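*Asks:* Here you go, sequence then predicted model.
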Amino acid sequence: MAQLPRREEERRLAALGIRQQAAEIAAERPHPVDDNNSDEINYNQTDVITGDRPFIGNYSKGLRHDDVGDPDPVSYGSLLRALQSRDPADFREILLGTIDPAARRLKLTNPQAGLAFDLEGPDAQENTMPPAPRFDSVVEAHEQGELYWMAVARDVYFGDYGTDPIIQAAIQSLNNEFPQFGGTLPVTAQNVFRGIYPGEQVGPYVSQFMWKGNSDPRKAPGQGRNASDGYIAYGSQVIDQRQQTVQGFPMAGLGADYLFDFPWWLRAQNGEDFRGNDKFDFTARRFIRNLRDGANYVHFDLVINPWYNAAWILLSEPMGDQQTPAAGAVPMRDREFPKDAGNPYEMPAPSSPTEGGFATFGDPHVIEVLTEVTGLAFRAVWWQKWGVHRRLRPEEFGGRIDNWLTGRRDYPIDPSIKNSLLTGGLSPYYGQATDRFPSYLLPQAFPEGAPTHPAYGAGHATVSAACATILKAFFDESKSIESPVIPSADGLTLLPYTGPDAGAMTVGSEINKLAGNIALFRNAAGVHWRTDYTQSLLLGERVAIGLLQEISITFNEDDAFFQLTRFDGTTIRIRDGFVDVVPTQVGS
């Protein structure tokens with residue numbers, strides 16, 4: 001090969017040096033040891049006295065099961081063999097469940113994903129999560145109690161949480177029967193079923209980024225001129241924040257919920273594919289107004305959807321009151337939402353008098369990094385799911401509870417959930433004597449129930465936290481959210497939100513709330529646990545910070561940095577490969 005000119009040779013060597021520096025940064029980050037809750041060890045033999053089967057505390061959906069839905073140890077062992085050998089041939093030999101030959105089958109979802117390597121950002125196996133609650137723990141039972149209540153409350157309008165009798169019963173039960181469920185205590189109408197991180201309990205239940213659009217004076221009235229129209233401009237196209245949702249109870253009868261019939265539930269455990277049986281509401285498109293609408297949203301998204309939406313709102317909203325543009329304000333020119341303080345091309349000063357950002361620190365850069373972090377976060381959490389924890393889904397735990405309460409088989413489950421379902425707060429809604437759910441199975445919002453991969457961590461939660469971290473790194477989190485809205489009870493329109501905390505929402509707090517919404521809507525569907533949300537948000541944040549740390553060494557711009565507030569409330573600055581805590585100002 002001919003020798004390169006000096007300048008090109010210098011660039012080639014500099015590019016090599018940057019990649020080596022990024023690799024060194026990644027290698028120097030600590031790689032903690034992965035530990036799980038030992039349920040595979042605790043329950044790895046058949047107990048002839050209690051009838052317990054091996055692996056009852058772990059995920060097995062899609063594998064083989066006995067006639068009460070406990071995992072077949074040989075089938076489960078074939079999964080463990082593949083995970084331990086990491087030989088692709090062994091993954092093709094996993095023994096899946098037996099289903100009707102005429103039925104469609106669900107395959108296991110990508111158990112090799114966490115074995116892949118990434119060329120930028122944290123390695124998929126670099127970060128870890130603490131052990132999930134044990135199968136026999138009080139916490140596991142109390143988390144399941146919250147999920148039963150979320151199923152009962154799926155159709156309650158968020159605006160009625162202060163007065164609705166189902167919500168009042170749930171609050172009393174969570175405070176007294178399930179206080180270790182992992183949410184804020186005491187439970188109130190303002191924090192019930194909400195997340196625990198800064199901003200999640202301020203304002204309405206749903207983030208403004210899932211309801212509002214952006215305003216544009218060039219649009220027709222009702223078609224995006226005002227943010228409360230609910231349309232997000234994607235260039236010359238639009239995204240409607242209304243969705244085609246599903247029918248609720250009692251509109252669709254018991255068919256609004258799924259897998260509460262034991263034979264049907266058992267077929268799903270063996271891997272039969274019930275997708276496509278959703279009962280859609282074709283009467284109108286609606287803004288998210290209750291947990292069922294939220295669950296429907298996270299049934300069909302690819303997780304990145306709401307984060308692209310939020311990014312476009314932040315990039316496009318013109319100056320004004322975040323409802324109606326200021327006179328003469330032009331979207332994407334006269335910006336309402338300022339970029340982060342470390343952006344060298346945007347306010348606050350000093351910013352460049354001659355340049356604007358684009359491929360670096362500009363609009364395409366935001367979208368690029370959002371997309372990039374998504375894959376990293378997915379692979380990191382998929383390693384935790386398959387390679388470390390293999391936590392059973394709440395749907396599976398519900399099967400153990402139903403077996404336990406109907407006498408099919410005994411299990412070492414904390415009695416708090418049994419007491420509530422038989423004689424306590426949950427008893428009016430579950431069991432053959434009720435008119436809501438005729439079993440003790442956890443009703444699912446999706447026809448197929450949970451997906452075919454373990455519960456812990458949660459993909460939606462991890463990716464959402466990673467995307468939230470990226471948006472907080474690019475935008476000024478302290479900017480107020482003005483003109484907040486809440487949907488009407490029928491979900492057809494957006495109305496002004498006038499609660500006492502209407503002025504307390506910020507970009508940062510509503511980004512945090514958006515991450516919590518996407519995670520907890522999966523809980524509302526019955527497919528994830530409270531701990532899946534709590535710990536997965538922290539995992540996704542770590543993945544994103546690691547990516548930003550490596551990106552920060554690549555820029556030519558002087559004094560550029562990223563600054564953001566973590567979910568634990570600490571502020572960090574990422575610059576030249578270093579992550580430093582920003583001291584709290586005295587009096588702030």
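*Replies:* Arrived safely, thanks for sending.

*Asks:* mind showing which ranges of the stretch 301-450 of the chain have poor pLDDT?
*Replies:* Applying pLDDT under 70 to the stretch 301-450 of the chain flags the ranges 347-350.

*Asks:* quick one, helices of it?
*Replies:* 305-316, 363-382, 394-406, 415-422 (DSSP state H, counting those that start in this stretch).

*Asks:* and those helices, which is most packed in?
*Replies:* helix 394-406 (a mean of 24; mean count of other Cβ atoms under 10 Å). Every residue, glycine included, has its C-beta placed from N, CA and C.

*Asks:* As CSV, the helices of the stretch 301-450 of the chain with distance to residue 289 would be great.
*Replies:* Formatted as CSV, those follow (distance: least, Cβ to Cβ, whole Å):
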stretch, distance to residue 289
helix 305-316, 16
helix 363-382, 27
helix 394-406, 24
helix 415-422, 28
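
*Asks:* Am I right that residue 111 is in contact with residue 82?
*Replies:* Yes - Residue 111 is within contact range of residue 82, at 7.1 Å (criterion: Cβ atoms under 8 Å).

*Asks:* Nearest approach to residue 505 belongs to which of the helices of the stretch 301-450 of the chain?
*Replies:* When these are ranked by proximity to residue 505, the top entry is helix 305-316, at 13.6 Å, counting by Cβ to Cβ.

*Asks:* now for the closest one, which elements pack on it?
*Replies:* strand 231-234, helix 363-382, helix 459-474, helix 507-524 (3 or more Cβ pairs under 8 Å, 6 or more residues apart in numbering; DSSP states H and E).

*Asks:* So which bits of the first one are buried?
*Replies:* Think strand 231-234. 231-233 (16 or more other Cβ atoms under 10 Å).

*Asks:* Closest one to residue 584 out of those, please.
*Replies:* For the buried residues of strand 231-234, the nearest to residue 584 is residue 232 (35.0 Å; Cβ to Cβ).

*Asks:* Let's see the pLDDT reported for the closest one.
*Replies:* Listed pLDDT for residue 232 reads 97.

*Asks:* Double-check it against residue 242; I have them as touching.
*Replies:* No - the criterion here is Cβ under 8 Å, and residue 232 misses it with residue 242 at 11.2 Å.

*Asks:* export the helices and strands packed on helix 305-316 to TSV and tack on distance to residue 28?
*Replies:* Compiled in TSV, those are given as follows (distance: least, Cβ to Cβ, whole Å):
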stretch	distance to residue 28
strand 231-234	40
helix 363-382	18
helix 459-474	20
helix 507-524	28
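
*Asks:* just so I know, which of these lies nearest residue 207?
*Replies:* Per Cβ to Cβ, nearest to residue 207 of the helices and strands packed on helix 305-316: helix 507-524, 3.9 Å.

*Asks:* okay, the angle between the helix or strand just after the closest one and helix 507-524?
*Replies:* Toward the C-terminus, helix 507-524 is succeeded by helix 530-551 as the next helix or strand (DSSP states H and E). Relative orientation of helix 530-551 and helix 507-524, computed by axes from the mean of the first three to the mean of the last three Cα atoms, to 10 degrees: 140 degrees.

*Asks:* For helix 530-551, name the packing helices and strands.
*Replies:* Helix 530-551 packs on helix 6-28, helix 138-152, helix 363-382, helix 459-474, helix 507-524, strand 571-575, strand 578-581, going by 3+ Cβ pairs under 8 Å, 6+ apart.

*Asks:* follow-up on the earlier one: quick one, which of the helices of the stretch 301-450 of the chain is nearest to residue 125?
*Replies:* Among those, helix 363-382 comes nearest to residue 125, with 7.8 Å by Cβ to Cβ.

*Asks:* count of residues packed around residue 581?
*Replies:* Neighbour count of residue 581, defined by other Cβ atoms under 10 Å: 10.

*Asks:* hang on, I meant residue 520
*Replies:* 28.

*Asks:* list the contacts for it?
*Replies:* 193-195, 294, 533 (Cβ atoms under 8 Å, 6 or more residues apart in numbering).

*Asks:* pLDDT score for it?
*Replies:* 98.

*Asks:* Stretch 339-353: end-to-end distance?
*Replies:* 16 Å (Cα to Cα, to the nearest Å).

*Asks:* Residue 522 and residue 460, how far apart?
*Replies:* Residue 522 is 5 Å from residue 460, where distance means Cβ to Cβ, to the nearest Å.

*Asks:* let me redo that: residue 343
*Replies:* Shown here: residue 343 relative to residue 460, a distance of 29 Å by Cβ to Cβ.

*Asks:* correct me, but residue 105 touches residue 267?
*Replies:* No - using Cβ under 8 Å as the test, residue 105 is too far from residue 267 to be in contact (10.9 Å).

*Asks:* picking that back up, where do the contact lists of residue 522 and residue 460 overlap?
*Replies:* 298, 528.

*Asks:* which residues sit in contact with residue 129?
*Replies:* Taking Cβ under 8 Å, 6+ apart, one finds 384, 388-389, 456-457, 535-536, 538-539 in contact with residue 129.

*Asks:* ok so it is a strand residue?
*Replies:* No - if the criterion is DSSP: H, G, I helix; E, B strand; the rest coil, then residue 129 is coil and not within a strand.

*Asks:* Apart from its chain neighbours, what residue comes closest to it?
*Replies:* Take residue 129 and drop its neighbours on the chain: the residue closest to it by Cβ to Cβ, 6 or more residues apart in numbering is residue 535, 4.9 Å away.

*Asks:* where's that neighbour relative to residue 316, distance?
*Replies:* Distance from residue 535 to residue 316, by Cβ to Cβ: 34 Å.

*Asks:* try residue 405
*Replies:* The gap separating residue 405 from residue 316 is 53 Å, by Cβ to Cβ.

*Asks:* Residue 513 - nearest residue in space that isn't next to it in sequence?
*Replies:* residue 207 (4.2 Å).

*Asks:* With residue 478 instead?
*Replies:* Per Cβ to Cβ, 6+ apart, closest to residue 478 is residue 506, 5.9 Å.

*Asks:* who does that neighbour bridge with?
*Replies:* residue 480 (DSSP bridges).

*Asks:* Give me the pLDDT for it.
*Replies:* For residue 506, the pLDDT comes out at 98.

*Asks:* Over to residue 270?
*Replies:* 98.

*Asks:* same question, the one 5 residues further on
*Replies:* In the prediction, the pLDDT value recorded for residue 275 is 97.

*Asks:* Would you quantify the distance from the nearest residue to it once chain neighbours are set aside to residue 489?
*Replies:* Take residue 275 and drop its neighbours on the chain: the residue closest to it by Cβ to Cβ, 6+ apart is residue 448, 4.7 Å away. Residue 448 sits 30 Å away from residue 489, going by Cβ to Cβ.

*Asks:* Which one of these two is surrounded by more residues?
*Replies:* Ranked by neighbour count (other Cβ under 10 Å), residue 448 and residue 489 place residue 448 first, with 23 against 13.

*Asks:* Need the phi and psi values for that one.
*Replies:* The phi/psi pair for residue 448 (degrees, to the nearest 10) reads phi -90, psi -10.

*Asks:* Lovely, talk soon.
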